[in-house]
Structures are given as structure tokens and as C-alpha cells.
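Student: take this sequence and fold it.
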Amino acid sequence: MSHQLVCEYEVFFTIGIGSAKTIASECLKKNYTHFAVFGGDGTVNEVFNAMMESGLLAEELPLLCIHPCGTGNDFVRNLQINNKAEDFLRRLDSGEVRYSDGGHASYTNTKRQAEQRYFLNVMDAGLGGLIAQRVNEYRRGRLAFLAYQMSIIRTLPFYSKQNVTVKTLSEIYKGPALSVVAANGKWFGNGLGIAPEAEILSGYLECVTLARVNFWDYILNLPAIIRCKKIKHTEVHYAQVKEIIIEGENNPIEMDGEFVGTSPVHIRVILRAVRLLVG
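Tutor: Just a heads-up that it's a prediction; the model follows:
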């Protein structure tokens, strides 16, 4: 039986990078009760940034209802949300309200200027940032569904690990690193379970440091990553943290699948940042 939802609504279409944030910022000036976002992690990230920059508490912000139809759709994996239209309408009408933490990062943008930005799912300094740059080349057309896989294959074997210093309250790592991930959610890169112990309402970010890890290490551990299991490797480190500082120049950074700039970067958790409709 079809589900009928009666409500007043407006529809807005994005036209490029930054468009979703601009639309959400304008909509926050009105009395909307819900934000229904059709898109992937990048679109959700822009809406989330508009919400965070408003200075409003989660309880004062519209409920966020996501219909996944982007390249990666990794954040919604934490919520077990599918892309069926009838389920989306049901969530809007009678979905369960769930809070999520978020992350805040201070870094250097692509214009070599200091910038701040929020992320809802994952921030990655190193290999992931470079892959995010290349994903854009495949996003349009028939190759879109292979964007992440093709970018990883093209990038990983030739990536030169950069020397970094990773500081948390509990430990410091100094040395070369393939990637340093600050995760609110478990998945990135279109279904790779990089942070098995991350929970979106834990009050912590999971810091995953892939240190002296090479191409073959990645291939051998790929089954575990796909199953969202911890990697058993002496050069892979996990920590539950509230704050991370990554020192070292020019490591590419991605947030929620979008390339945004370079290190150094200072990351901290944002508690109970937003309310989501799930179920």
C-alpha cells in the first residue's frame, strides 16, 4: 500500500559546489521544521556546515532527513538508510529522531588561507585527500559508480607517504603516514569500513593512523576493511579521541569525500551536533 504524506514544502536544486550550503543558509532564516537532502556525502556536508555555522543548538535546527543518491553515501551506512522512495517518505512522516556528533577542523584551504569547516562523517589527511581530488574526474557519466575504486587503484601504488606528527591527549606518533583519519562514522570511500569502533553518538572521534603501510598491505587487508573489521598490522593505530592535531605541511585533506585543502589541521569533536530522522 502506498504511503501518502501531506505537508507544505519547497524544492531547491543545487547548481555546483557550495550551492547546497547557500540554499540551506537561506532556508535557516525561515521556519522550516525539516531539511530533506537528496544527495551524497558532499551535499549533506554542505547542509551540515550551514546548520553548524548558524550557531543554533541541535534542538533549534530543522530535523535532517537524508535520501542517499550520491557517489559514496557513506554516512547513511551508519544509519542503515536505503534509497527507496517509500522509506524516505515514511522517515519524513514518522521516523525516529536520532542525534549525531560531528567534527570541526581548522586547516589550510586550496588558496593557502586558514579556514574552518565541519564534517559529519570522516576527515582524512593524506592518501584519502588525494583520492578525493581524483574522484571528481570520474563522478560524471557511466564511470560514476566506479569513481572511488578507480581513484584508489590509480593513486595508491604511487603515493609517497608524508612525514607527520599526530598528537592526541593519549599519544603522539611521528613518522611517515599513508593516511590519518578522524572518523565520526565507520565508513568512507564508498563502503570501506575504516573505523570499526566509531559511533556517531559516542562523544569521541576514532583516530586511525595508517603509518608505514604499503600497497600490498592494503590489498591483503582489504577483505577486513570491506567487512569493517580492525586491521591487524603493527603500523595501523586506533584511538578514541576528542581532539587531534596533525602537523606536517601539504598533506591533502578531504572531508566527507570532498577535497578541501592541506595540513596542518586541528580537529575536535562536536557533541550532539544535529538531529537525524532514521528508521
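
Student: the closest residue in space to D256 that isn't next to it in sequence is in what secondary structure piece?
Tutor: Distances taken as C-beta to C-beta, 6 or more residues apart in numbering place N45 nearest to D256, at 3.8 Å, with adjacent residues excluded. No exception for glycine: its C-beta is placed from N, CA and C like everyone else's. Assigned by DSSP states H and E, N45 belongs to helix 41-53.

Student: spell out which residues make up each domain of the chain.
Tutor: Split into domains by automatic domain parsing, the chain comes to 19-101, 102-271.

Student: now render these as TSV, adding mean neighbour count, distance to F13 and mean pLDDT.
Tutor: Shown next, in TSV, are the domains of the chain (neighbours: other C-beta atoms under 10 Å; distance: least, C-beta to C-beta, whole Å; pLDDT from 0 to 100):
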stretch	mean neighbour count	distance to F13	mean pLDDT
domain 19-101	18	8	94
domain 102-271	19	17	91
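
Student: for the nearest residue to A85 once chain neighbours are set aside, give me its contacts.
Tutor: The shortest distance from A85 to any non-neighbouring residue, by C-beta to C-beta, 6+ apart, is to H67 (7.9 Å). By C-beta atoms under 8 Å, 6 or more residues apart in numbering, the contact list for H67 reads 36-39, 83, 85, 88.

Student: narrow those to those in strands?
Tutor: 36-39 (DSSP state E).

Student: now K111. Its backbone dihedrals?
Tutor: The phi/psi pair for K111 (degrees, to the nearest 10) reads phi -100, psi 10.

Student: re the thing from before, right, and the helix or strand after the helix holding N45?
Tutor: Per DSSP H and E, helix 41-53 leads on to strand 63-68 as the next helix or strand towards the C-terminus.

Student: all the helices of the stretch 51-200 of the chain, residue numbers only.
Tutor: 85-94, 127-138, 147-155 (DSSP state H, counting those that start in this stretch).

Student: minimum distance to A195: which of those helices has it?
Tutor: A195 lies closest to helix 127-138 among the helices of the stretch 51-200 of the chain, at 12.1 Å (C-beta to C-beta).

Student: residues in contact with that closest one?
Tutor: Residues contacting helix 127-138 (C-beta under 8 Å, 6+ apart): 71, 122, 124, 144, 146-148, 150-152, 154-156, 159, 178-179, 181, 188-189, 210, 251-254, 257-259, 262.

Student: recalculate using a threshold of 7 Å.
Tutor: Helix 127-138 is contacted by residues 71, 144, 146-148, 150-152, 154-156, 159, 178-179, 181, 188, 251-254, 257-259 when judged by C-beta atoms under 7 Å, 6 or more residues apart in numbering.

Student: that older thread, could you measure from the residue nearest to A85 over to L61?
Tutor: Applying C-beta to C-beta, to the nearest Å, the value for H67 to L61 is 18 Å.

Student: again, but for K30
Tutor: Applying C-beta to C-beta, the value for K30 to L61 is 13 Å.

Student: quick check: G42 vs G16, distance?
Tutor: 11 Å.

Student: which stretches of the stretch 151-279 of the chain form strands?
Tutor: Applying DSSP state E, counting those that start in this stretch to the stretch 151-279 of the chain gives strands spanning 162-167, 172-177, 179-183, 187-188, 192-193, 205-210, 236-241, 243-247, 252-255, 258-278.

Student: that older thread, redo the contacts of H67 as TSV? Include distance to R77.
Tutor: As requested, the contacts of H67 are exported to TSV (distance: C-beta to C-beta, whole Å):
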residue	distance to R77
A36	19
V37	16
F38	17
G39	15
N83	12
A85	19
F88	16
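
Student: and which of the residues you listed is nearest G203?
Tutor: G203 has its nearest neighbour among these in V37, at 24.7 Å by C-beta to C-beta.

Student: how far away is that closest one from V260?
Tutor: On the measure of C-beta to C-beta, V37 and V260 end up 19 Å apart.

Student: could you do T234 as well?
Tutor: 31 Å.

Student: quick one, what contacts the closest residue in space to T33 that isn't next to it in sequence?
Tutor: Leaving out its chain neighbours, the residue that sits closest to T33 by C-beta to C-beta, 6+ apart is P62, at 5.8 Å. Applying C-beta under 7 Å, 6+ apart, we find P62 in contact with 32-35.
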